[in-house]
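A.B. asks: fold the stuff below for me.
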Amino acid sequence: MIDYIIVSQRWRSSISNCRTYRSAEIGNTEHRLVVANMRLRLQAQRSQPRPTKIDVSRLSDQEIRSKYAIDVSNHFDALLPFESSEDAWISFKKNVLESATANIGRAKRAKKAWVQFDTLDVIEQRRKARLLGDMPTYRRLNGVRNKLIQRDKKLFVERKAIELEGAAMKGDVGSLYKHLRDLSSDKAPSVASVVSADGQPLSDEAAQVSRWKDHFSSLLHADTVAQTDQELACLAASTQEVPSNEPETSFTTAEIHSALKRLTNNKAAGVCRVSAELLKYAGPAMLLWLQMLLSVVWRTEWVPKDWRLGIILPLWKRKGSKSICSNYRGITLLSVPGKLFAMTLLDRCTSILRRKRRVQQAGFMPGRSTVEQIFTMRQLIEKTRENSGGTHTWPS
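C.D. replies: Numbering: from 1, shown residues only. Prediction:
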């Protein structure tokens, strides 16, 4: 016997059984799987349920998309008017997620199933030969198995290469990077245990969360520069009421549809788990539902709580120690319906600002780049130097 389980004297009385499983397949080794049963009394740790993710890739199927749109329409027809924006949002999120879960389904964990069935059959025959003690057959099937695994791996890489080429020719960047991740063995680095600001290790989970909170608070809540009384007076004098002919009571479906088309697909949802695909492919009933929701938020002047929350994900920069917070960059996942509301507000403000802009305004305007102004100024300077004349500029 060459396989053992070493147990401390303290836990020796906790071992209730120990046995060897000869049928377990471990690979090219003479070792056997040894399993021990232990009887322990541990304090239960409460774990929060992991939120489910909707498999939005299935919305490419027209039949699933139609079922989802019909279910959303049925939920919308049964709604009653809301006076509170929070109640309207909770009802919206609940019904949309229920319809998505029932008609689209949850996303399953992806696996690289590149081993073919004939290879699995040889692996099973090899396992049975070892249990029967037929070592010549076992060694022969071991070589056959290795060749079949190499063949399956080669076919998998060739198939992925064809899919990569097709995605590149179509300009499908999302599928392109997905196939690259399937081929790459370099996985996304996980977040390691971090140290405190003075370099002391933090073993407690609550202490590490507090450390991340302090780090991102120092980055995102920078000290603002104090303004003088004269600057505040000039700011107040320049502030004036801008007359507008835009509607001030509710949003129109045209406004919402224009902002909805600009939302990007294949992006992670925020704390509400409502992605852009769930809003885009829900049919005309979703536009009416969003109009009702945004109008309630506009009328009550109160933004739902989920729209004001963001999930900050630290991503390692692939340089420096993983235990130092400054070697991570954070990205914030915001609520997609909250983004839609912000985009509709920005569209209304932009239309007003463009009518009140200065004639010289070039940046942040469609079709008016700063390149032309820089080119004109450069031409003036060059021509003036050629003619040896003075250059004068006047404030506009």
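A.B. asks: for Tyr328, list each beta-bridge partner.
C.D. replies: Beta-bridge partners recorded for Tyr328 (DSSP bridges): Trp316.
A.B. asks: number of residues surrounding Arg151?
C.D. replies: When neighbours are counted by other Cβ atoms under 10 Å, Arg151 registers 13. Where C-beta positions appear, they are placed from N, C-alpha and C, glycine not excepted.
A.B. asks: any idea which element it lies in?
C.D. replies: helix 135-170 (DSSP states H and E).
A.B. asks: now the helix or strand just after that helix: buried residues?
C.D. replies: Counting by DSSP H and E, the next helix or strand C-terminal to helix 135-170 is helix 173-183. Neighbour-count burial for helix 173-183 flags Ser175, Leu176, Lys178, His179 (criterion: 16 or more other Cβ atoms under 10 Å).
A.B. asks: list of residues touching whichever helix or strand comes after helix 173-183?
C.D. replies: Once helix 173-183 ends, the next helix or strand along the chain (criterion: DSSP H and E) is helix 205-220. Residues from elsewhere that reach helix 205-220, judged by Cβ atoms under 8 Å, 6 or more residues apart in numbering: Ser193, Val194, Val195, Ser196, Ala197, Leu202, Ile312, Pro314, Cys325, Ser326, Gly330.
A.B. asks: can you say which of those residues are buried?
C.D. replies: Val194, Val195, Leu202, Pro314, Cys325, Gly330.
A.B. asks: pull the contacting residues for the residue nearest the centre of the chain.
C.D. replies: The residue lying closest to the centre of the chain (Cα atoms, centre = their mean) is Ala268, at 2.9 Å. Contacts here follow Cβ under 8 Å, 6+ apart; on that basis Ala268 touches Ser275, Leu333.
A.B. asks: sec struct for it, please.
C.D. replies: Secondary structure state of Ala268, per DSSP: H, G, I helix; E, B strand; the rest coil, is coil.
A.B. asks: give me phi/psi at it?
C.D. replies: Taking degrees, to the nearest 10, you get phi -70, psi 140 for the backbone angles of Ala268.
A.B. asks: ok, so what distance separates it from Glu372?
C.D. replies: Ala268 sits 39 Å away from Glu372, taking Cβ to Cβ, to the nearest Å as the criterion.
A.B. asks: and what of Gln208?
C.D. replies: For Gln208 relative to Glu372 (Cβ to Cβ), the value is 52 Å.
A.B. asks: the more surrounded of these two?
C.D. replies: The neighbour comparison of Gln208 against Glu372 (other Cβ under 10 Å) goes to Gln208, with 19 against 10.
A.B. asks: if I look at that one, what pLDDT would I see?
C.D. replies: Gln208 is assigned 89 on the pLDDT scale.
A.B. asks: just the one 4 residues further on next, same as before
C.D. replies: At Trp212, the model reports a pLDDT of 92.
A.B. asks: what number of residues lie near it?
C.D. replies: 16.
A.B. asks: cool, and His215?
C.D. replies: Count around His215 with other Cβ under 10 Å applied: 19.
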